[in-house]
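[1] sequence and predicted structure, then a few things I'm wondering about:
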Amino acid sequence: DFILRIVERRKQKAYRKDERDTKVQYDAVFKSFAVLIVYIFIVSIALYTVYENAGFMPVGWVWFIAYSVVTAANLLVGIFTIIGYKKQGM
């Protein structure tokens, strides 16, 4: 988000969002959502296989999944947005 704010500020006061910005942001959110679904699935399956015989999973791992998904979502949306702007030459 910080880098995106720098890019927006670089365009000075003439910066206005248009349909290209909206498309880049929608694409970034869609791609981030897809990556997050795969991430949650892989982490959940890995934890299930590790703790399958124990019969329970420590609650700390649930907190880890929750916080890491929030962090990853913020980072991924920013990364995919920057990539989308780079592809447009902005």
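    Here it is on my side, so go on.
[2] quick one: pLDDT of the residue lying closest to Q88 once chain neighbours are set aside?
    Leaving aside its sequence neighbours, Q88 sits nearest to R20 (C-beta to C-beta, 6 or more residues apart in numbering; 6.3 Å). Yep, even glycine has a C-beta here, placed from its N, CA and C like the rest. We have a pLDDT of 80 for R20.
[3] just the element for R20, please.
    According to DSSP states H and E, R20 maps onto helix 19-51.
[4] buried residues in the following helix or strand past that helix, which are they?
    Counting by DSSP H and E, the next helix or strand C-terminal to helix 19-51 is helix 59-88. For helix 59-88, burial by neighbour count (16 or more other C-beta atoms under 10 Å) applies to 73, 76-78, 80-82, 84-85.
[5] output the contacting helices and strands for helix 59-88.
    helix 2-10, helix 19-51 (3 or more C-beta pairs under 8 Å, 6 or more residues apart in numbering; DSSP states H and E).
[6] ok so, going back, number of nearby residues for the residue nearest to Q88?
    When counting by other C-beta atoms under 10 Å, one arrives at 12 neighbours for R20.
[7] do the one 10 residues further on as well
    Taking other C-beta under 10 Å as the criterion, the count of residues near F30 is 11.
[8] could you check how far it is from L36?
    Here F30 is placed at a distance of 11 Å from L36 (C-beta to C-beta, to the nearest Å).
[9] now M57
    Applying C-beta to C-beta to M57 and L36 gives a distance of 20 Å.
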